[in-house]
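Trainee: Make a model of this:
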Amino acid sequence: MSTQHLDAIFAALADSTRRDLVHALAEGEKSIGDLAAPFDMSLAAVSKHIKVLEQAGIIQRRIDGRTHYCSLLAESLTEALDWISIYRHFWLTRLENL
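Mentor: Below is the predicted model of the structure:
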């Protein structure tokens, strides 16, 4: 994995709205309208968040007629988790040494 790709993933996940969108997509594919429903913001604003997640490779979009559907690309999150696990191991080892 490139450093730029990992940076894009963490930058995308730095925003709480985008983390909420990812959490919603963990349940399965949803339309952009369904994703936007719980938020107190315009559909255009939610769409911008979705574009950031798409550019980071966290989600993908499928178009069926006029409806856009999004789904989670879990493998990209696995790459970020692999990076985080290095530091999880570090801290667990440090705690065991205490």
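
Trainee: Look up phi and psi at residue 37.
Mentor: phi -50, psi -50 (degrees, to the nearest 10).

Trainee: whoops, residue 71 was the one
Mentor: When read as degrees, to the nearest 10, the backbone of residue 71 gives phi -140, psi 150.

Trainee: Quick check, it in contact with residue 53.
Mentor: No - under the criterion of CB atoms under 8 Å, residue 71 is not in contact with residue 53, lying 11.0 Å apart. No exception for glycine: its C-beta is placed from N, CA and C like everyone else's.

Trainee: Are there residues contacting both of the two? Which ones?
Mentor: Residues touching both residue 71 and residue 53 (CB atoms under 8 Å, 6 or more residues apart in numbering) are residue 59.

Trainee: So the two - more neighbours on which side?
Mentor: Set side by side, residue 71 and residue 53 show more neighbours around residue 53, with 26 against 13, by other CB atoms under 10 Å.

Trainee: dump the residue contacts of the more buried one.
Mentor: So residue 53 contacts 12, 18, 21, 22, 59, 70 (CB under 8 Å, 6+ apart).

Trainee: Average pLDDT for stretch 74-90, rounded please.
Mentor: Mean pLDDT, computed over stretch 74-90, is 84.

Trainee: can you pull the buried residues of that stretch?
Mentor: By 16 or more other CB atoms under 10 Å, the buried positions in stretch 74-90 come out as 76, 77, 80.

Trainee: among these, which are in strands?
Mentor: Assignment to strands by DSSP state E places none of the buried residues of stretch 74-90 there.

Trainee: That's all I had, so thanks and see you.
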